[in-house]
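J.: below are the sequence and a predicted model; questions follow.
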Number of protein chains: 2
Amino acid sequence: MTILRSPAGIPDATVARLPLYLRALDELAERGTDVCSSEHLATAAGVNSAIVRKDLSHLGSYGTRGVGYDVRFLAGHIAAVVGQTQPWPVVIVGAGHLGSALAAYQGFGARGVKVAAVVDADPELIGTTVGGHEVLSIEDLPGIVERDAVSLGIIATPPAAAQSVADALVEAGISSILNFAPTALRVPAEVDLRQVDVAAELQILGYHAHRRQAGSTEEAVIS
Amino acid sequence: MTILRSPAGIPDATVARLPLYLRALDELAERGTDVCSSEHLATAAGVNSAIVRKDLSHLGSYGTRGVGYDVRFLAGHIAAVVGQTQPWPVVIVGAGHLGSALAAYQGFGARGVKVAAVVDADPELIGTTVGGHEVLSIEDLPGIVERDAVSLGIIATPPAAAQSVADALVEAGISSILNFAPTALRVPAEVDLRQVDVAAELQILGYHAHRRQAGSTEEAVIS
DNA sequence: CCCTGTGAAGTCGTTCACAGCG
DNA sequence: CGCTGTGAACGACTTCACAGGG
């Protein structure tokens, strides 16, 4: 008999949407909604309802047919799946504009993230305070990582420094990296790397804007 | 006969990689590389070579068989496709930590983006200077958009304000929005919307980190 | 001979549509 | 009767493998 369906092998696309559902469910809960349909959750999360049902089915989650999902129960379930039962400690490398903004960001707490430390290589910045965190030396990384059992690192440095920072993070034992520097990083296969490139996002938007403008005047000439 | 293959209908996945190629090509050009193979470009951009060739084939771009691609020519061609022949003016809404960091970001210039204005709703912030830009009132949006022909907007406000800001941007005539606020925005279909959610990225990384840790101890119990 | 450009195959994700349960 | 959960159809993207040109 089935006792526990361990949520193994959840598709990446689904995993990427779980945080959206979590956020949407938290909002619904705050507004006093106890139960919601897939349709309801879908609009709150900005996706369509078929995909919500398919995604949730991957977690082996139980809704009630004819009724919907228990908001609090589902939120707790998803939180457990993403390992957000207790906050993840994160180390931010780079105390420039972006690093400071991230260090000061108030929204992390509610999303299961807490800033363990901010480090930088620049002696001028070390010792200053950003977002309530004293900036430490990047030399201290190994100690910080071990002491707070940090497994997530954020790179918020200029591109030229990003690769060596990544190496240092891996060396210190960090296995998940979020990189804001516009560079392709080389990391070992077991390290999980995600990229945020604001300029690239704008260029993608630019492409579509460009097509909208040019679309009417330009014409394809084929054959 | 085929005179011009207008690059219509480029797959979204390809469009999303064009900025990476552009960045990689610019780096190669700076290092004095004149010609590069798909393999070469692939490693510089952090993808694999088959996808580079397929992507470039969508642009109708010409490499030389047995040799590779002319770095400068290809960069110019991609820049033209994404509409980056001249910088896109961008308006940043929200002069908090994140908005300030974006306003001060030095990397936009090289990537075909220029900050046209920074606006905020908070009277305390209006008139201050962030990243060399005087913060203007959000009331001035329509004027700014029209004067500088801005078509890209960045939302860097608290989530509670994001929807009304989006409405204001659309109202002012902006058709492409990059949203940093963790909220699902509702915009007209003709408006292009992209989302950057740092906390969500960290949660995704958290999921994998969680599985790495728990994977060995937990076990699936099926049937 | 090497590297591009591309059909074909394979993989992954989404959407559809409905059976089944509360 | 409504909504979940899911097989099946569909579509998109990636990878393979090789024909073809410089």
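T.: Received, thanks.

J.: and residue A:54, what does it touch?
T.: By Cβ atoms under 8 Å, 6 or more residues apart in numbering or on different chains, the residues touching residue A:54 are residue A:14. The way it works is simple: take the backbone N, C-alpha and C, and place the C-beta from them, glycine included.

J.: look up phi and psi at it.
T.: Backbone torsions for residue A:54, taken as degrees, to the nearest 10, come to phi -60, psi -50.

J.: return the distance of it relative to residue B:11.
T.: 23 Å (Cβ to Cβ, to the nearest Å).

J.: then residue A:35?
T.: Residue A:35 is 39 Å from residue B:11, by Cβ to Cβ.

J.: okay, those two: which has more neighbours?
T.: residue A:35 (16 against 11; other Cβ atoms under 10 Å in any protein chain shown).

J.: state which strand of chain A is the longest.
T.: strand A:113-120 (DSSP state E).

J.: tell me what it is packed against?
T.: Counting contacts by 3 or more Cβ pairs under 8 Å, 6 or more residues apart in numbering or on different chains; DSSP states H and E, strand A:113-120 is packed against strand A:88-93, helix A:97-104, strand A:133-137, helix A:141-148, helix B:198-215.

J.: check which residues of that strand are buried.
T.: A:113, A:115-120 (16 or more other Cβ atoms under 10 Å in any protein chain shown).

J.: retrieve the pLDDT associated with the nearest residue to residue A:110 once chain neighbours are set aside.
T.: Counting by Cβ to Cβ, 6 or more residues apart in numbering or on different chains, residue A:110 lies nearest to residue A:26, which is 7.2 Å off, once chain neighbours are set aside. Looking at residue A:26, its pLDDT reads 98.

J.: equivalent analysis for residue A:4, please.
T.: 40.

J.: residue A:9 now?
T.: 85.

J.: next, find the distance separating it from residue B:211.
T.: From residue A:9 to residue B:211 the distance is 10 Å (Cβ to Cβ).

J.: now do the helices in chain A.
T.: A:12-30, A:38-45, A:49-58, A:71-81, A:97-104, A:141-148, A:159-172, A:198-215 (DSSP state H).

J.: which other residues reach stretch A:153-163?
T.: Against stretch A:153-163 from outside (Cβ under 8 Å, 6+ apart): A:90-94, A:96, A:98-99, A:102, A:121, A:165-166, A:169, A:174, A:176-183, A:185-186, B:107, B:202.

J.: still on that earlier bit, any idea which of the helices of chain A is most buried?
T.: Among the helices of chain A, helix A:97-104 has the highest mean neighbour count (mean count of other Cβ atoms under 10 Å in any protein chain shown), at a mean of 24.

J.: so which elements touch that one?
T.: strand A:88-93, strand A:113-120, strand A:129-130, helix B:97-104.

J.: can I get these in JSON lines with mean pLDDT and distance to residue B:21?
T.: Below are these laid out as JSON lines (pLDDT from 0 to 100; distance: least, Cβ to Cβ, whole Å):
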{"stretch": "strand A:88-93", "mean pLDDT": "98", "distance to residue B:21": "27"}
{"stretch": "strand A:113-120", "mean pLDDT": "98", "distance to residue B:21": "31"}
{"stretch": "strand A:129-130", "mean pLDDT": "98", "distance to residue B:21": "34"}
{"stretch": "helix B:97-104", "mean pLDDT": "98", "distance to residue B:21": "24"}
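
J.: among these, which is nearest DNA strand C?
T.: strand A:88-93 (22.9 Å; Cβ to the nearest atom of the strand).

J.: what sits up against that closest one?
T.: Counting by Cβ under 8 Å, 6+ apart, A:99, A:102-103, A:108, A:112-120, A:138, A:141, A:144-145, A:148-157, A:165, A:168-169, A:174, B:202, B:206, B:209 sit against strand A:88-93.

J.: over to stretch A:198-211?
T.: Contacts for stretch A:198-211 (Cβ under 8 Å, 6+ apart): A:180, A:182, B:15-16, B:18-20, B:22-23, B:81-84, B:88, B:90, B:102, B:105, B:107-108, B:111-113, B:151-152, B:154, B:175-178, B:192, B:194, B:196.

J.: touching DNA strand D at all, that stretch?
T.: No: residues of stretch A:198-211 are not located near DNA strand D by Cβ under 7 Å from any atom of the strand, the shortest gap being 12.3 Å.

J.: now the helix or strand bottoming out on mean pLDDT in chain A, how far from the centre of its chain.
T.: Within chain A, confidence by mean pLDDT, DSSP states H and E is lowest for helix A:198-215 among all helices and strands, at a mean of 93. Chain-centre distance of helix A:198-215: 24 Å, with Cα atoms, centre = their mean, to the nearest Å.

J.: distance to DNA strand C for the helices and strands packed on strand A:113-120 - can I get that in TSV?
T.: Putting those into TSV (distance: least, Cβ to the nearest atom of the strand, whole Å) gives the following:
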stretch	distance to DNA strand C
strand A:88-93	23
helix A:97-104	27
strand A:133-137	36
helix A:141-148	30
helix B:198-215	12
